[in-house]
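> based on what follows, work out the 3D shape:
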Amino acid sequence: MAVGRTWLAPGGRGKAALRDQRRTLGNQLGHVVRFTGTVPDLMVAGEGVETVLSVQRVLPAVPHVAALSGAHLAALVLPRGLRHFYIARDDDPAGRQAAATLRQRAKAAGILVSDLDPREDNFNTDLCHLGPHDLALHLAPQLDPNDAVAYLQFEEAMAA
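Residues are numbered from 1 along each chain as shown. Model (predicted):
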């Protein structure tokens, strides 16, 4: 078990102006920050909490997990019973390497796996620049068509 801490700027908008804005206590390897959903056989995993919550904004019914780093994403303990596993990777060398390692492990376990690629450096940047509706449009062709129809939220994204 581990505890992840992020120091925020005064007023809560952005991270604090500190060298180490994030710290972890405890054993984190293979474990994640979980964001629940109602779909038992799907899951989205990503590196950071911000990335994962940005994707969850338009896929709220799907369980999401944040590994808190590329190395921890690659070592994620895969839950049983997954039909389709989506990796919301960051667009940097660490994100690509973590996704490749995790993809290989998921395939070896017999799980259908797909990468979700951000338009910019990560999905939080995408959400900030595109807004929820256009983020949903960006994700739609990357999802299994049945998953996109069943779980991608365009109307909710537009209303917020």
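
> my guess is Val52 meets Val62, correct?
No. Under the criterion of Cβ atoms under 8 Å, Val52 makes no contact with Val62, lying 10.7 Å away. Every residue, glycine included, has its C-beta placed from N, CA and C.

> quick one: common contacting residues for the two?
Common neighbours of Val52 and Val62 (criterion: Cβ atoms under 8 Å, 6 or more residues apart in numbering): Val44.

> separation between Val58 and Thr24?
28 Å (Cβ to Cβ, to the nearest Å).

> of those two, who's got more company?
Val58 (25 against 13; other Cβ atoms under 10 Å).

> next up, identify which helix or strand the residue nearest to the more buried one when sequence neighbours are not counted is on.
Of all residues not flanking Val58 in the chain, Ala136 sits nearest, at 4.2 Å (Cβ to Cβ, 6 or more residues apart in numbering). Ala136 is part of helix 123-139, with elements assigned from DSSP states H and E.

> run through who's touching that helix.
For helix 123-139, the external contacting residues (Cβ under 8 Å, 6+ apart) are 46, 48, 50-55, 57-59, 88, 116, 118-120, 148, 152-154, 156-158, 160.

> quick one: list the elements packing against the next helix-or-strand element following it.
The C-terminal neighbour of helix 123-139 among helices and strands, as given by DSSP H and E, is helix 145-151. Helices and strands touching helix 145-151, as assessed by 3 or more Cβ pairs under 8 Å, 6 or more residues apart in numbering; DSSP states H and E, are absent.

> please work out how many residues are found near Arg119.
15.

> can you pull the phi/psi pair for it?
phi -70, psi -40 (degrees, to the nearest 10).

> state the pLDDT value of it.
At Arg119, the pLDDT value in this model is 97.

> over to the one 10 residues further on?
Listed pLDDT for His129 reads 96.
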